[in-house]
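> quick one, fold the following:
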Amino acid sequence: MKAAIIENTKICTGCKIEMLATKEFFHSSKGGKYGLNSKCKKCRKAFGEKYRKDNAEKEKERSKKYRENNPEKEKERHKKYYKENLEKHKEYGIKWKKNNPEKRKKSTTKYYKNNIEKIRERDRKNTQNLSDSYVAGLLKKPIKHLNPQVLETRRLIILIKRELKKNNFKTLETMQNNSTNKNNSEMENNLKENDNKRDLNFEVKNSDDLNKMLSGFLMDVRRGSVTHYSANSINLVADKINKNNLNQLEYKRLSGGNKKIDFFEKE
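Alright, predicted model coming up:
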């Protein structure tokens with residue numbers, strides 16, 4: 001029969017309470033009995049708080065010196081804290097901005113002035129990569145008010161226009177404007193001839209169908225299998241979709257409100 005394991009106990013020199021001599025109640029200490037500190041964790045915490053309060057300036061200077069001498073450790077500590085307290089940090093930021101408009105303005109101005117090259121590089125990357133914030137800015141609406149499908153549609157339109165320009169095509173807006181100056185019968189014949197090769201006028205019932213059609217056209221542009229007339233066709237078809245094929249409820253959901261979304265605004 002195994003003998004019962006008897007754990008050692010230790011009396012805290014602070015609160016005078018007897019506790020199990022384990023790291024659950026005491027911090028480690030090489031010189032202490034059982035390798036533990038003489039004061040329990042609660043007493044050590046209370047002592048530390050009182051010391052920092054009574055020696056505020058001294059502690060402030062010590063902390064400053066530590067941060068200066070250990071920049072990498074401080075960076076990692078802040079990164080870890082931010083990650084573990086993301087929601088708390090976000091709420092604090094929103095509250096601070098609301099209560100300190102003037103400070104926020106000065107801080108923003110100062111940051112922009114000191115980081116102008118960094119900001120320009122960030123904006124360049126956002127423009128090149130068509131980030132959500134960049135696309136939302138073109139639509140002149142906050143990201144939170146835009147359905148992801150709307151952002152994707154606008155992004156596809158921009159990519160199509162960029163590819164057309166890269167291959168020396170006219171822009172979609174130019175084609176649309178030029179189409180009004182063409183003889184109607186001539187334009188209809190050209191579009192009809194093109195649509196025999198590419199079925200662009202299929203029924204589009206929702207935003208997914210719209211984006212699939214635009215994605216397919218983008219691939220054709222990149223492959224070089226697109227003519228001026230087919231580019232004009234997609235412009236007219238997408239315009240038709242924009243105005244007619246999306247019902248009012250779907251369109252309102254996509255736009256996040258009643259504001260009209262023009263998919264063919266200039267970039």
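> C-alpha only now, for contacts and for neighbours.
Will do.
> pLDDT value on the residue lying closest to Leu159 once chain neighbours are set aside, please?
Across the structure, with Cα to Cα, 6 or more residues apart in numbering as the measure, the residue nearest Leu159 apart from its sequence neighbours is Leu218 (7.3 Å). At Leu218 the predicted local confidence, pLDDT, stands at 83.
> what does Lys170 give?
In the predicted model, Lys170 carries a pLDDT score of 55.
> again, but for Lys140
Looking at Lys140 specifically, the model assigns a pLDDT of 78.
> neighbours around it, how many?
Other residues near Lys140 number 10, with proximity taken as other Cα atoms under 10 Å.
> equivalent analysis for Asn126, please.
The number of residues packed near Asn126 is 15, by other Cα under 10 Å.
> what's near enough to touch it?
Remark: with contacts taken as Cα atoms under 8 Å, 6 or more residues apart in numbering, Asn126 is in contact with 133-134.
> can you rerun that using 10 Å?
Listed by Cα atoms under 10 Å, 6 or more residues apart in numbering, the contact partners of Asn126 are 120, 132-135.
> going by neighbour count, which of these are buried?
Among these, those that count as buried by neighbour count (16 or more other Cα atoms under 10 Å) are 132, 134-135.
> pLDDT added to these, as CSV?
Supplementary listing: the buried ones among the contacts of Asn126 in CSV, determined by pLDDT from 0 to 100:
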residue, pLDDT
Asp132, 91
Tyr134, 90
Val135, 87
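> which one of these is nearest Tyr51?
The shortest separation between Tyr51 and any of those is 49.3 Å, and it belongs to Asp132 (by Cα to Cα).
> quick one, what contacts the closest one?
Contacts of Asp132 (Cα under 10 Å, 6+ apart): 126, 138, 142-143, 146, 148, 151-152, 155.
> just the ones of the residues you listed in helices?
In helices, judged by DSSP state H, the following of those are found: 126, 138, 148, 151-152, 155.
> who wins on neighbours among those?
Within those, Leu151 tops the neighbour count with 23 neighbours, counted by other Cα under 10 Å.
> quick one on the thing from earlier: widest-spaced pair of the ones in helices among the contacts of Asp132?
The largest separation in the ones in helices among the contacts of Asp132, counting by Cα to Cα, is between Asn126 and Pro148 at 16.9 Å.
> quick one: what helix or strand has Ser38 in it?
When secondary structure is defined using DSSP states H and E, the element that contains Ser38 is strand 36-40.
> from the contact counts, what lies against that strand?
Packed against strand 36-40 by the contact rule (3 or more Cα pairs under 10 Å, 6 or more residues apart in numbering; DSSP states H and E) you find strand 9-11, strand 26-28, helix 41-54.
> pLDDT of the second one, averaged?
Per-residue pLDDT over strand 26-28 has a mean of 92.
> and if you look at stretch 31-50?
Averaging the model's pLDDT scores along stretch 31-50 yields 91.
> what residues sit buried inside it?
36-41, 43-44.
> hey, C-alpha coordinates of that stretch in PDB?
Output in PDB follows, covering the C-alpha atoms of stretch 31-50 (Å, rounded to 0.1, in the frame of the first residue of the first chain):
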ATOM      1  CA  GLY A  31      17.500  31.500  -1.600                       C
ATOM      2  CA  GLY A  32      14.100  30.900  -0.100                       C
ATOM      3  CA  LYS A  33      12.800  27.800   1.800                       C
ATOM      4  CA  TYR A  34      11.700  25.200  -0.700                       C
ATOM      5  CA  GLY A  35      13.000  27.500  -3.400                       C
ATOM      6  CA  LEU A  36      10.100  29.900  -2.900                       C
ATOM      7  CA  ASN A  37       9.800  33.500  -1.900                       C
ATOM      8  CA  SER A  38       9.000  34.400   1.800                       C
ATOM      9  CA  LYS A  39       5.900  36.300   0.800                       C
ATOM     10  CA  CYS A  40       2.900  34.800  -1.000                       C
ATOM     11  CA  LYS A  41       1.900  36.100  -4.500                       C
ATOM     12  CA  LYS A  42      -0.900  38.300  -3.100                       C
ATOM     13  CA  CYS A  43       1.400  40.000  -0.700                       C
ATOM     14  CA  ARG A  44       4.100  40.500  -3.300                       C
ATOM     15  CA  LYS A  45       1.500  42.000  -5.600                       C
ATOM     16  CA  ALA A  46       0.200  44.400  -2.900                       C
ATOM     17  CA  PHE A  47       3.800  45.300  -2.000                       C
ATOM     18  CA  GLY A  48       4.700  46.100  -5.600                       C
ATOM     19  CA  GLU A  49       1.600  48.200  -6.200                       C
ATOM     20  CA  LYS A  50       2.400  50.200  -3.000                       C
END
